[in-house]
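> Just to be clear, the model below is a prediction. Sequence and coordinates:
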Amino acid sequence: MTHKLPTLPYQMEELAPLMSQETLEFHYGKHLQTYIDNLNKLIPGTPYETLSLEDIICKADGAIFNNAAQTWNHTFFFQTLTSHSDVIPQKLDALLTSNFGSAEAFKEQFTKAALGLFGSGWVWLAADKEGKLFILPESNAGNPLTKGYTPLLVIDIWEHAYYIDYRNRRAAYIEAFWKLVNWEKVAERII
């Protein structure tokens, strides 16, 4: 199976000024494309050649895992963004409230985890098999699928995600992220 660059659900200039077209040209157009290209070079002749990204992530390790997970993680991240962030749907708001105290408390805890993640990685909102929501910081290419969890929301904490627009101001990037979240998409992912 040949993996391809996914189509964005918005135009590259639509997220500006919170996320510039230049950031998307590099982050989506170059970084993500490189992970996809690397994965396509690594899997021919292996047991992963015909597997979905999800199956590769759950079964592979090393370079194949890293490139598959980074492809999946980035795709998930980009599909979670929107130029017209909306109100949190009632069903999701109720779940965030029951798991974290309120949607605002969830955002505070998630922001704290994103600020506290040392180095590069991802911070996820995930659900376990019983539907309990939790925040999962993961280094490097970490992904909740490897633990049997359902990913609902993610922020990319690799510096390439924000350095063009925010330089070393990770907190400003995280603040902007909250204005770009497609809450309808997050709610659709609930089990």
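On my side now, so go ahead.
> which residue ranges form the strands in the chain?
For the chain, the strands defined by DSSP state E occupy 121-127, 133-139, 150-156.
> Give the buried residues for the second one.
Pointing back at strand 133-139 there. Residues of strand 133-139 classed as buried by neighbour count (16 or more other C-beta atoms under 10 Å): Leu133, Ile135, Leu136, Pro137, Glu138. C-beta coordinates here come from the backbone N, C-alpha and C atoms, glycine included.
> Share the number of residues neighbouring Ile36, please.
Residues lying near Ile36 (other C-beta atoms under 10 Å) number 22.
> With respect to Ala171, which of the buried residues of strand 133-139 is nearest?
Closest approach to Ala171 among the buried residues of strand 133-139 (C-beta to C-beta): Pro137, at 15.7 Å.
> List the contacts of Ser20.
Ile164, Asp165 (C-beta atoms under 8 Å, 6 or more residues apart in numbering).
> which residues touch Phe177?
By C-beta under 8 Å, 6+ apart, the contact set of Phe177 is Leu18, Ile155.
> center of the chain - which residue?
Residue closest to the average C-alpha location in the chain (C-alpha atoms, centre = their mean): Phe77, at 3.2 Å.
> For that residue, give its distance to Phe65.
18 Å (C-beta to C-beta, to the nearest Å).
> Let me know the outermost residue of the protein.
Gly45 (29.0 Å).
> residues near Lys107, how many?
Residues near Lys107, counting by other C-beta under 10 Å, number 17.
> ok, and the closest non-adjacent residue to Leu180?
If the residues on either side of it in the chain are set aside, Leu180 comes closest to Leu81, at 4.7 Å by C-beta to C-beta, 6 or more residues apart in numbering.
> pretty sure the one you found contacts Met19?
Yes: using C-beta atoms under 8 Å, Leu81 is in contact with Met19, at 7.2 Å.
> If you count surrounding residues, which of these two has more?
Applying other C-beta under 10 Å to Leu81 and Met19 shows that Met19 carries more neighbours, namely 26 against 21.
> need the contact list for the residue nearest to the centre of the chain.
Phe77 touches Trp122, Val154, Ile155, Asp156, Ala161, counting by C-beta under 8 Å, 6+ apart.
> The third one pairs with what?
What it means is Ile155. Beta-bridge partners recorded for Ile155 (DSSP bridges): Val123.
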